[in-house]
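Visitor: my questions are about this predicted structure, shown below with the sequence.
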Amino acid sequence: MIEESMIEAANATLEADLDADYAGLGARLARRGVDIEKLTARAMSFGVAIPSWGTGTGGTRFARFPGAGEPRGIMDKLDDCGVIHQLTGATPRVSLHIPWDKAEPALLLEKAEQVGLGFDAMNSNTFQDQPDQPKSYKFGSLSHTDALTRSQAIEHNLECIEIGEAIGSKALTVWIGDGSNFPGQTSLSRQFERYLDSMKAIYSGLPDDWHIFSEHKIYEPAFYSTVVQDWGTSLMTAQELGPKAQCLVDLGHHAPNVNIEMIVSRLIRAGKLGGFHFNDSKYGDDDLDSGTIEPFRLFLVFNELVELEDTPGLDLAHMIDQSHNVTDPIESLIVSACEIQRAYVQASLVDREALESYREVNDALMAAATLRAGFRTDVEPILAMARLRAGAAIDPVACYRRSGYRARVAEKRPKVTGSGGGIV
Ligand SMILES: [Mn+2]
């Protein structure tokens with residue numbers, strides 16, 4: 001972790017400027033009838049979970065180029081996640097992936113407490129073969145033609161729930177790589193039936209206060225068809241399973257230009273939106289950092305969430321899921337958490353009353369302008385003030401670089417040489 005005194009010293013040099021910027025923005029917002037303190041309180045209440053796997057350098061199927069001080073295992077990952085939360089004040093929980101993060105639950109809890117974190121949704125992995133597993137997932141897992149392979153995948157998911165229960169998690173996210181690479185290779189309908197049957201078996205092992213999230217993805221690793229390819233299939237799954245089943249929307253898992261904010265709106269209408277995996281993409285699921293390519297789309301997603309935030313039962317799991325191939329993962333996760341929080345705050349300052357009145361009289365131009373006024377507002381002083389008040393860093397990346405954390409852990413963590421990549 002980073003010394004508190006170091007964060008305080010870094011903040012001390014920036015505080016006067018921040019106060020001036022905050023006061024200026026506060027005055028501008030007041031003229032629009034917006035109370036800056038309410039926005040700052042909202043920023044402080046916002047949290048997004050860090051994916052444990054995001055703390056390692058990601059890769060493509062071509063290569064992976066690990067950086068210095070790569071985490072050796074879950075305990076190192078939790079250290080890194082602790083630093084991200086320490087500096088941003090916006091990432092209070094970690095989402096684990098099993099079996100990658102398997103460890104004694106008592107030790108996980110002890111470490112999480114040490115670094116000031118809790119646990120978010122659990123993630124199962126039936127898209128890879130583990131060294132000791134009897135059945136291969138080469139041709140699928142939960143939807144495999146072979147009953148024993150399906151059972152093995154179901155058992156693994158039940159084990160993820162068991163581990164999650166021991167560490168205070170309340171949800172399981174299921175994403176499968178099942179699909180096909182050739183037309184005719186599989187029965188599209190029977191494969192889906194087998195998937196549903198397997199999901200029902202997992203659902204029956206779900207504790208009462210848990211949720212199961214089905215995560216859709218348009219393609220890859222299967223390149224012709226994917227069993228849970230879009231939100232329609234995900235919604236059908238969630239509806240068929242029951243009230244504890246919901247859909248998880250990973251922003252990168254859609255075709256380019258798909259209107260994701262509409263999917264968000266529809267899933268909330270159906271009472272089936274469970275959470276998000278935030279990231280960004282240019283072409284396909286290339287897992288770029290949140291807010292780097294299409295910040296306006298991120299804002300529009302949050303606009304739906306804020307507009308519908310009083311919907312009964314809406315309780316979303318916000319998680320990041322992206323691949324950091326060319327940056328220090330800690331820096332990317334810091335910036336991404338702040339970008340996600342930024343979109344939330346920008347969406348929160350949209351004048352909803354005005355927007356609604358323009359909609360009612362079909363004033364498309366002013367409705368769009370009202371929405372854009374939120375997106376165009378530079379809310380950085382609000383985010384920085386939220387961090388300062390939470391004891392985090394006004395400028396988290398600068399503070400992180402000055403701390404020398406990466407060089408320090410690199411001394412303890414052995415150098416990892418390049419290897420074939422792969423990230424979900
Ligand atoms: Mn995902």
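Guide: Ah, there it is. No experiment lies behind these values; they were computed from the predicted model shown.
Visitor: C-alpha from now on. contacts and neighbour counts both.
Guide: Will do.
Visitor: ok, F65 touching G59?
Guide: Yes - F65 is within contact range of G59, at 7.0 Å (criterion: C-alpha atoms under 8 Å).
Visitor: next SSE after the helix or strand harbouring H318?
Guide: In this assignment (DSSP states H and E), H318 forms part of strand 317-320. Beyond strand 317-320 in the direction of the C-terminus, DSSP H and E gives the next helix or strand as helix 329-348.
Visitor: what is the mean pLDDT for that next one?
Guide: When the per-residue pLDDT values of helix 329-348 are averaged, the result is 98.
Visitor: what of stretch 12-20?
Guide: Rounded mean pLDDT across stretch 12-20 is 98.
Visitor: just the residues contacting that stretch, thanks.
Guide: Outside stretch 12-20, the residues that touch it by C-alpha atoms under 8 Å, 6 or more residues apart in numbering are P381, A384, M385, I394.
Visitor: can you rerun that using 10 Å?
Guide: Outside stretch 12-20, the residues within contact range by C-alpha atoms under 10 Å, 6 or more residues apart in numbering are 6, 8, 11, 21-26, 380-382, 384-385, 388, 393-395.
Visitor: ChimeraX command to pick out the buried ones of those?
Guide: To isolate the buried members of those in ChimeraX, using 16 or more other C-alpha atoms under 10 Å:
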select :8,11,21,22,25,26,380,381,382,384,385,388,393,394,395
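Visitor: now, which of the contacts of stretch 12-20 lie within helices?
Guide: 6, 8, 11, 21-26, 380-382, 384-385, 388 (DSSP state H).
Visitor: picking that back up, the more surrounded of F65 and G59?
Guide: G59 (22 against 17; other C-alpha atoms under 10 Å).
Visitor: what angle separates the host helix or strand of D80 from helix 329-348?
Guide: Element membership for D80 (DSSP H and E) is helix 74-88. Between the axis of helix 74-88 and that of helix 329-348 there is an angle of 40 degrees, by axes from the mean of the first three to the mean of the last three C-alpha atoms, to 10 degrees.
Visitor: quick one: the strands in the protein?
Guide: Counting by DSSP state E, residue ranges of the strands within the chain are 50-51, 93-97, 118-123, 171-174, 179-180, 211-215, 225-226, 245-250, 273-278, 317-320.
Visitor: nearest to Y400, of these?
Guide: Between Y400 and the strands of the chain, the tightest spacing by C-alpha to C-alpha is seen for strand 50-51, at 16.8 Å.
Visitor: hang on, S323 packs against D287?
Guide: Yes - here S323 reaches D287: they are 5.1 Å apart, a contact under C-alpha atoms under 10 Å.
Visitor: higher neighbour count, those two?
Guide: Comparing S323 with D287 by neighbour count (other C-alpha under 10 Å), the higher total belongs to S323, at 28 against 25.
Visitor: tell me the pLDDT at the more buried one?
Guide: Reported pLDDT for S323: 94.
Visitor: give me the distance between it and L316.
Guide: Using C-alpha to C-alpha, to the nearest Å, one obtains 22 Å as the distance from S323 to L316.
Visitor: cool, and L288?
Guide: Here L288 is placed at a distance of 22 Å from L316 (C-alpha to C-alpha).
Visitor: show me what the strand holding H318 is packed up against.
Guide: strand 50-51, strand 93-97, strand 118-123, strand 245-250, strand 273-278, helix 329-348 (3 or more C-alpha pairs under 10 Å, 6 or more residues apart in numbering; DSSP states H and E).
Visitor: how does it look with 6 Å?
Guide: For strand 317-320, the contact count by 3 or more C-alpha pairs under 6 Å, 6 or more residues apart in numbering; DSSP states H and E identifies strand 273-278 as packing neighbours.
Visitor: can you give me the buried ones in the strand it packs on?
Guide: L273, G274, G275, F276, H277, F278.
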